[in-house]
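[1] quick one, fold the following:
(one chain, ligands or ions: 1)
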Amino acid sequence: MSVNRKVLTLDEFTIQQLRDFPNATGELSNLLRDIGLAAKRVNVEVNKAGLVDILGDAGTTNVQGEDVKKLDVFANNQFMGVLRHGISCAGIGSEELDDIVIFDDDVSNNSKYVCLFDPLDGSGNIDVNVSIGTIFGVYRRISEKGKPCTKEDFLQQGIKQVAAGYIIYGSSTMMVYATRRGANGFTLDPSIGEFTLSHPDIKCPENGKIYSVNHGNFFLYEEGVKMYIDSCQKRNKTNGGPYTQRYIGSMVSDVHRNLIKGGIFMYPGTIDRPNGKLRLLYECNPFAFIIEVAGGKATDGKQRILDIQPESLHQRSPFFIGSRNMMAELETHLKKKNK
Ligand code: P6P
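    Down below sits the predicted model:
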């Protein structure tokens, strides 16, 4: 039976990458495959979320008498579980958990990496059947191997990520991840239960015509942001437009669309929340890493996201990410108004 080598599964792809680096230990490939496994398990539950009333709402017991967990708690446990029982991860930080979880066993203490993730971003959209996602970032630990990982392993600048990615549970389920070698997208093929390479070597178009922002906060944004949004609305056929405003309210979906088609996503700071809403470590940094590998840019309005030195696990940051030339246009307005 000939194997169709054109359609690589995630496992085949990561092993192929490993063959290109004979000195590699395979730990990163194992970690990415572990994440793919947890994603498949989460996907099953997300896809039946609409049936929760039949299966029992979170916090109740379902017809099988099992405790029904909130989906984001379920997702968190799935990703934490595969990483804890794998051979590549010494500990995790999660949007769902107040502090880091140090796995502290002999194998984990000798693992090379730590992982930060938002297990189910946008979970508020589940009950209206809007796409949601998982976001993750992987760092080489800086603490001594052989000992438990430490908080400093997780408070590294985003530029130190060795890999970052997301899973989007949408019309299809996709896993996109980037290393310094490139960004690649894998679509879950339900017929074989495997993520298969569908978007090789993703590049973010330098230009785009989509801008994504919550207009409801318009009058709370700084002047430079308002000027840029105003300029987006004034685009027409004579000056590179017209632009389209698209905002799903689920970051993974909004950023994924703009990564593929070109565009800019903004979650600026506001008068009442100057640091915005999004979390630096496990929402902004992973996407900033992916977009830069794909040729785009990501800043907090003043500096490159990946250069920010984190001070705490759940700190927030204003977030602007997208096509290189649209980001340059935004920065022109921010500089003008911040003089
Ligand atoms: P707002 C979802 O809750 C989320 O964290 C992101 O996925 C999304 O981009 C953002 O919040 C939407 O926030 O304030 O515009 O509803």
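
[2] drop to CA atoms for contacts and neighbour counts, all remaining ones
    Will do.

[3] list the contacts of the residue of the stretch 1-150 of the chain found nearest the ligand.
    Residue nearest to the ligand within the stretch 1-150 of the chain: Gly122 (3.7 Å; C-alpha to the nearest ligand atom). Gly122 makes contact with Ser131, Ile132, Gly133, Gly249, Ser250, Met251 under the criterion C-alpha atoms under 8 Å, 6 or more residues apart in numbering.

[4] repeat that with 10 Å
    By C-alpha atoms under 10 Å, 6 or more residues apart in numbering, the contact set of Gly122 is Asp72, Val130, Ser131, Ile132, Gly133, Thr134, Ile248, Gly249, Ser250, Met251, Val252, Ser253.

[5] what about the closest residue to Thr173 other than its chain neighbours, which SS state?
    Nearest residue to Thr173 in three dimensions, chain neighbours excluded: Leu188, at 5.5 Å (C-alpha to C-alpha, 6 or more residues apart in numbering). Of the three states, Leu188 takes strand according to DSSP: H, G, I helix; E, B strand; the rest coil.

[6] quick one: Leu188 and Tyr228, what's the gap?
    Using C-alpha to C-alpha, to the nearest Å, Leu188 is found at 37 Å from Tyr228.

[7] again, but for Asp11
    Remark: distance between Asp11 and Tyr228 (C-alpha to C-alpha) = 43 Å.

[8] buried set for the top helix by length along the chain?
    Among the segments of the chain that qualify as a helix by DSSP state H, the longest is helix 27-47. Of all the residues in helix 27-47, those buried under the rule 16 or more other C-alpha atoms under 10 Å are 27-40, 42-43, 46.

[9] distance from it to the middle of the chain?
    Centroid separation between helix 27-47 and its chain, computed with C-alpha atoms, centre = their mean, to the nearest Å, is 14 Å.

[10] can you check stretch 158-167 too?
    Worked out by C-alpha atoms, centre = their mean, stretch 158-167 lies 8 Å from the chain centre.

[11] same question, stretch 247-258
    Offset of stretch 247-258 from its chain centre (C-alpha atoms, centre = their mean): 11 Å.

[12] ok, Ser198 - contacts?
    The contact partners of Ser198, by C-alpha under 10 Å, 6+ apart, come to Val7, Leu8, Thr9, Met174, Met175, Val176, Asn184, Gly185, Phe186, Thr187, Leu188.

[13] now rank these by neighbours and give me the top one.
    Compared across these, Met175 has the highest neighbour count, 27 neighbours, by other C-alpha atoms under 10 Å.

[14] neighbours around Gln303, how many?
    Residues near Gln303, counting by other C-alpha under 10 Å: 10.

[15] again but with Arg273, I slipped
    Neighbour count of Arg273, defined by other C-alpha under 10 Å: 14.

[16] distance check, Arg181 against Phe320.
    According to C-alpha to C-alpha, Arg181 stands 24 Å off from Phe320.

[17] and Ala164, by the same measure?
    Separation of Ala164 from Phe320 (C-alpha to C-alpha): 18 Å.
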